[in-house]
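Asks: have a look; sequence and predicted model below, questions after that.
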Amino acid sequence: MSAPRVLVTGWPSFLHGEATAGDVLAMEAVRRALTGAGVACDLAWSPVFRPGGLDLDGADPDDYTDVVFVCGPAHGEQVRGLHRRYARCRRVAVGVSVVDPDDPAVTGFDAVLARDAPAAGPRQDLAALPPTVSVPVVGVVLAPGQHEYGDRRRHGAVEEELTGWLGERSCARLVLDTRLDPRDWRLFTAAAELESAFRRLDLVVTTRLHGLVLALKNGVPALAVDPVAGGAKVAAQARAWGWPAVVTVPRGAPPGDGAPLLDRAELDRWWDWALSAEGAGRASAEPPSGTMLGELLDVLGAR
């Protein structure tokens, strides 16, 4: 008999499935267990989720003795299709939810090790097992169109380039909005709520003036990008704070010609610096200035 070789699958394997962190972690838990036991295995991924990786179309049934389906509901046509494609393999479901024990998606497995099922007690989900590394937690604060800058506005193109670059960084991205609105549960209702979120960040990436200001106020380094050609209030505020990590769109940058507005090498350099001990120390060293309030009091004759 040939040595066992297992294909590890789950909802992240299906072209029209869904890859959640829990699903991926559970599949990784199974991979670790099999590898630790000396069992050869491959993981199948949707080409949407992992382009270029092994997908179900490329995983030849003749190459495997077993197929393990991990996590999520054992339900639906895509799971039933797995049974048809890998009919000659032993098929096992592990860490799944069984909604209907008589569903062909369930009965097609040779064994089902459920995390929850109608006639069985619940078991802890496999996603809790694999350790993960810590990555920087990055707040992303983007400015709207700001039409007051007229034909110098490059907000749309800058946002597209910046978020495309940011999507390639290994970090936990949190989109934050400085707007306060008690009518929308997704927004903050008080500045203290927003600043409490800022204090828990490792870095803020922002095209918005107050994204920069509130980061530095709370001792968090910022990578600021001024989306106005030639620079405007974001770059000016960075100068006011003596903060070096600011990228400005060149004044002569033409709108909409397809040429990059941002220098990726410059973004990479400031990213590394802002996340370094030097960048973190610089952010927490500069106290805010209240001299403008004193000038206001003078103008009003209040002192």
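Replies: Right, received. Where do you want to start? Every value quoted in this text rests on a predicted model; they were computed, and no experiment measured them.

Asks: and the next helix or strand past the helix ranked longest in the chain?
Replies: Across the chain, the longest stretch assigned as helix under DSSP state H is helix 21-36. Later in the chain than helix 21-36, the nearest helix or strand by DSSP states H and E is strand 40-43.

Asks: name the surrounding residues that touch that following strand.
Replies: 3-9, 13, 27, 30-31, 34-35, 53-54, 59, 64 (CB atoms under 8 Å, 6 or more residues apart in numbering). For the C-beta atoms, the positions are set from N, CA and C on the backbone; glycine is no exception.

Asks: just say helix, strand or coil for residue 94.
Replies: Following DSSP: H, G, I helix; E, B strand; the rest coil, residue 94 is assigned to strand.

Asks: and the contacts of strand 40-43, which are buried?
Replies: In the contacts of strand 40-43, burial by neighbour count holds for 6, 7, 8, 9, 13, 27, 30, 31, 34, 59, 64, counting by 16 or more other CB atoms under 10 Å.

Asks: mind putting those in CSV, pLDDT included?
Replies: Converted to CSV, the buried ones among the contacts of strand 40-43 look like this (pLDDT from 0 to 100):
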residue, pLDDT
6, 98
7, 98
8, 98
9, 98
13, 97
27, 98
30, 98
31, 98
34, 98
59, 97
64, 98
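
Asks: can you pull the poorly scored residue ranges out of the protein?
Replies: For the chain, the stretches flagged by pLDDT under 70 are 1, 256-257.

Asks: now with 80?
Replies: Regions of the chain meeting the criterion pLDDT under 80 cover residues 1-2, 145, 151, 252-258, 285-286.

Asks: now do the helices in it.
Replies: Going by DSSP H, the chain shows helices at 21-36, 77-85, 104-107, 155-166, 191-198, 209-217, 233-241, 264-274, 277-283, 291-299.

Asks: among these, which is the most enclosed?
Replies: Ranked by mean neighbour count under mean count of other CB atoms under 10 Å, these are led by helix 209-217, which reaches a mean of 23.

Asks: restrict that one to CA atoms and write it as PDB.
Replies: Extracted in PDB, the C-alpha atoms of helix 209-217 (Å, rounded to 0.1, in the frame of the first residue of the first chain):
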ATOM      1  CA  LEU A 209      -4.100  66.600   8.900                       C
ATOM      2  CA  HIS A 210      -5.800  65.400  12.000                       C
ATOM      3  CA  GLY A 211      -4.700  61.800  11.400                       C
ATOM      4  CA  LEU A 212      -1.100  63.200  11.700                       C
ATOM      5  CA  VAL A 213      -1.900  65.500  14.600                       C
ATOM      6  CA  LEU A 214      -3.700  63.000  16.800                       C
ATOM      7  CA  ALA A 215      -1.100  60.400  16.200                       C
ATOM      8  CA  LEU A 216       1.700  62.700  17.400                       C
ATOM      9  CA  LYS A 217      -0.400  64.000  20.200                       C
END
